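Participant: Got a predicted structure here, sequence first:
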Amino acid sequence: MQLEINVIDAFTDKVFKGNSAAVIITDNWLDATLMQSIAFENNLSETAFIVADDKGVYHIRWFSPLTEIDFCGHATLASAFVLFKKHPSLTSIQFSAKAVGVLTIVQTNTGKIQMDFPNRMPEKVDSIPKSLLAGLSIVPVELYRNSQAYFVIYNSESEVLNVLRDNEELKKLAPLDVVVTCQSESDKYDFISRYFWPANGGDEDPVTGSIHTGLAPLWAERLGKNELLAYQASKRGGVLDCVVKSDRVLISGNAVQYMTGFITIEE
């Protein structure tokens, strides 16, 4: 069996930046064990698998090297990029996933791909878990959480950029991951962040679209504005345009093709 695979760098317009995702489109679902094995072999933040139904809806599943995950923004962006490229007449795409429902994706006039996600505003946490205190070298100023992660608020960019972590301690917070964030100190961005996910995928995720469904409404409330530009400050880095609209968050970004190839699997 041969499977076409596309590797896309998402939330960037330059190869080797942003976050890489593999995209595999099949007529029917592969066995879950095989999909996990492919994701492990790819060793990217996520591998997205897509199956279209007879109504034109694309059903999508996301796998990190360690496990299937509920929701991934950058691999959704990468998947939309591949589909728009394969089908130039498409003006919008509908993805369906169990945890987040139907997602509408459009290509904007600027060339960016805009994704319509659920608003997953985090809630304030008064008691900081011991493993979180032990897992980060800098104590949170404030702490929030949603169904995906703990949101650690810091006062300065230097704290976000220089915080050290103990992954073994952070793993104890599973199934939740950890994002550290602060208001941007430059005029270019509204806020910056870094995302650590040793429990679900690896060490540090380069750019994380899903976590911005919580970060964007959090910072929209704190800054008093609904349109925000975010920077995820990993080594690769990535830029996300965010618009908060009631119960939805629109996240837009660029993507660029890195590779197209084939996986050969002996049956």
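Facilitator: Cool, the structure landed. Numbering: from 1, shown residues only.
Participant: and S246, how many neighbours?
Facilitator: 8 (other CB atoms under 10 Å). C-beta coordinates here come from the backbone N, C-alpha and C atoms, glycine included.
Participant: Can you read off the pLDDT for the spatially closest residue to it that is not a sequence neighbour?
Facilitator: Among residues not flanking S246 along the chain, N119 sits closest, at 7.1 Å (CB to CB, 6 or more residues apart in numbering). For N119, the model assigns a pLDDT of 96.
Participant: what does the one 3 residues further on give?
Facilitator: Reading off the confidence values, P122 has pLDDT 98.
Participant: same check, this time on E267
Facilitator: E267 is given a pLDDT of 72.
Participant: Surely it is in contact with L30?
Facilitator: No: assessed by CB atoms under 8 Å, E267 is found out of contact with L30, at 11.3 Å.
Participant: Neighbour count for the two, which is higher?
Facilitator: Taking other CB under 10 Å, E267 and L30 do not tie; L30 has more neighbours (18 against 3).
Participant: SS state for that one?
Facilitator: State at L30, reduced to three classes by DSSP: H, G, I helix; E, B strand; the rest coil: coil.
Participant: How much space separates it from A97?
Facilitator: 16 Å (CB to CB, to the nearest Å).
Participant: repeat for E267
Facilitator: Taking CB to CB, one finds E267 at 28 Å from A97.
Participant: All the helices of this structure, residue numbers only.
Facilitator: 32-42, 73-86, 130-135, 157-162, 167-171, 212-223 (DSSP state H).
Participant: Can you say which of the ones you listed is nearest to G238?
Facilitator: helix 73-86 (7.7 Å; CB to CB).
Participant: average model confidence for that closest one?
Facilitator: 96.
Participant: how about it: buried residues?
Facilitator: G73, H74, A75, T76, L77, A78, S79, A80, F81, V82, L83, F84 (16 or more other CB atoms under 10 Å).
Participant: Not counting residues beside it along the chain, what's closest to the fifth one?
Facilitator: For L77, the nearest residue in space outside its immediate sequence neighbours is A10; the separation is 4.4 Å by CB to CB, 6+ apart.
Participant: Right, I'll call it a day here.
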